[in-house]
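K.L.:
With the input below, show me the fold.
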Amino acid sequence: MRFYRVFWASAFLRLAWGAVLFLLLATVVGRLTILSGALAFCTGWPLCWPTQPVGWIAMGHRLAVALSGVMVFGLLWRAWRFYRHDAAVLPLTTVVATIYLGQVLIGAGQVLGNYPLHLMVLHRLSSFSLWVGLVVIVAVTVVRPPVAQVYRPAPLGRRLLDFLALTKPVVVALLLAITLTALIAGWGGWPPFSLFLATGVGGALAAGGASALNQVIDREVDRLMQRTQKRPIPAGRMFAAEGLAFALALCLLSYYVFAVFVNFVAAALSLAGIVYYVVVYSLLLKKTTVQNIVIGGGAGAIPPMVGWAAATGRVDGVSLLLFAIVFFWTPSHFWSLAIVRRHDYARAGVPMLPVVRGEAETRRQIWWYTLILVAITLLLPALGQAGSLYLAAALGLGAWLIWSAWRVWTGSGNKVAWQMYRWSSLYLFFLFVAFMVDRIV
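P.N.:
Residues are numbered from 1 along each chain as shown. Predicted structure coming up:
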């Protein structure tokens, strides 16, 4: 009786054991599939009709995978239905379900003939991670049985908008724009739609996931700032566990999309951008140094490298220049916002430049960083990587941005700083569009 209470009592725990059992079956049959060469006689996806008896082993593997998936996604449903408040159960279950979905994507790539070495390694790492994740879920549930909770119904539209707000959609839109323009520029024309779609989906997931992780980390800071206190977590409309689970799922899924449907270089760069933004900027720099935006700007500068790598499969001098453009664009852009919101940052204890060194010094730094930025944009045509169309756009847009920075430096008040913040976003977008068009024509 005690064994039943400890190891079999709740529906959630029974589903966890079921997932472990069927995953074991899928692993054994999958190994038999490889040893017998059964995949050659069962080539469709997700299902097939075996052409030889041995092909039924491969079909059995897919059925075992499907049954384990039923258990895993049953766990996911129960976690989000009854344990949204639980900081261990909800993120763990969501991560396991995302890894399972990633394995399905890898399996699709294998059947469709896209199975390079990095996917073989990822497949094994994912299998191991699934086992570890399920074992940890069982252990956590046995040692500390989660308390089910019935939540007050919330309008579906409101919930969806809150999850969208976690991703910072305006930021995602700008990062996605420079990623896709870099992809098209690197391809030298319109790439295959499948590559364009995969890069767009992977980029949106990566940027949205990193932004959501940032909001989970900064939730206490966000409560103190007028600009951010209405976000879903600080406003109390969402548990931190929900934000963490959602963010981790987006980040993991982005890597699988890039790895399976784009290439390893783009996947690795995207993952590096997530780690840089979440660990280096959000955890280490933001609350400790006045140089947080300068050093942390490297995270936002990686998306154009991802787009270029998606097209070319490499990191080269052009992608490094694109990185430098966004890197040196970042301080002027965000310090303009920091001038407007300096009291918010001071109240939250974030050492932004206007708070630590004053508004006058910030305006001067905006001016100098803008000059450096415009000079770097001119290196592309100077090195023969862009033509006259881009050169004309870089000069015209650069003059516009320099004039905006001059108004910030020589003026006062928040209006010119706010205009610089908004205009600098348009500047970056149009600059990358000009680069894309120049490379196409």
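K.L.:
ok, Asp438 - contacts?
P.N.:
185, 386-387, 389-390, 393 (C-beta atoms under 8 Å, 6 or more residues apart in numbering). Where C-beta positions appear, they are placed from N, C-alpha and C, glycine not excepted.
K.L.:
Closest one to Trp368 out of the residues you listed, please.
P.N.:
Nearest to Trp368 among these is Ala393, at 22.7 Å by C-beta to C-beta.
K.L.:
In space, what's closest to the closest one - neighbours in sequence excluded?
P.N.:
Among residues not flanking Ala393 along the chain, Ala434 sits closest, at 3.4 Å (C-beta to C-beta, 6 or more residues apart in numbering).
K.L.:
Is the one you found in a helix, a strand, or coil?
P.N.:
helix (DSSP: H, G, I helix; E, B strand; the rest coil).
K.L.:
circling back to that earlier point, neighbour-wise, give me the winner out of the contacts of Asp438.
P.N.:
Highest neighbour count within those: Ala185, with 27 neighbours (other C-beta atoms under 10 Å).
K.L.:
If you count contacts, what does the helix or strand encompassing it end up packed against?
P.N.:
Ala185 belongs to helix 169-187 when elements are defined using DSSP states H and E. Identification of packing neighbours for helix 169-187 by 3 or more C-beta pairs under 8 Å, 6 or more residues apart in numbering; DSSP states H and E yields helix 193-217, helix 303-312, helix 317-340, helix 415-440.
K.L.:
Check the average confidence over that helix, would you?
P.N.:
If you average the pLDDT over helix 169-187, you get 95.
K.L.:
Next, count neighbours for Leu379.
P.N.:
15.
K.L.:
Quick check, pLDDT for it.
P.N.:
Confidence for Leu379, expressed as pLDDT, is 97.
K.L.:
So what's the predicted local confidence for the nearest residue to it once chain neighbours are set aside?
P.N.:
Leaving aside its sequence neighbours, Leu379 sits nearest to Leu321 (C-beta to C-beta, 6+ apart; 5.8 Å). On the pLDDT scale, Leu321 is placed at 97.
K.L.:
got it, and Gly209?
P.N.:
97.
K.L.:
what sits against Ala19?
P.N.:
Listed by C-beta under 8 Å, 6+ apart, the contact set of Ala19 reads 68, 71-72, 74-75, 96, 134.
K.L.:
Format these as TSV; extra columns: secondary structure.
P.N.:
Shown next, in TSV, are the contacts of Ala19 (three-state DSSP):
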residue	secondary structure
Ser68	helix
Met71	helix
Val72	helix
Gly74	helix
Leu75	helix
Val96	helix
Leu134	helix
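K.L.:
Adding pLDDT and neighbour count as columns, could you present these in JSON lines?
P.N.:
Output for the contacts of Ala19, formatted as JSON lines (pLDDT from 0 to 100; neighbours: other C-beta atoms under 10 Å):
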{"residue": "Ser68", "pLDDT": "87", "neighbour count": "24"}
{"residue": "Met71", "pLDDT": "91", "neighbour count": "21"}
{"residue": "Val72", "pLDDT": "93", "neighbour count": "27"}
{"residue": "Gly74", "pLDDT": "93", "neighbour count": "18"}
{"residue": "Leu75", "pLDDT": "94", "neighbour count": "28"}
{"residue": "Val96", "pLDDT": "96", "neighbour count": "26"}
{"residue": "Leu134", "pLDDT": "92", "neighbour count": "25"}
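K.L.:
Make CSV out of those and add distance to Cys42.
P.N.:
Output for the contacts of Ala19, formatted as CSV (distance: C-beta to C-beta, whole Å):
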residue, distance to Cys42
Ser68, 18
Met71, 23
Val72, 23
Gly74, 27
Leu75, 28
Val96, 27
Leu134, 27
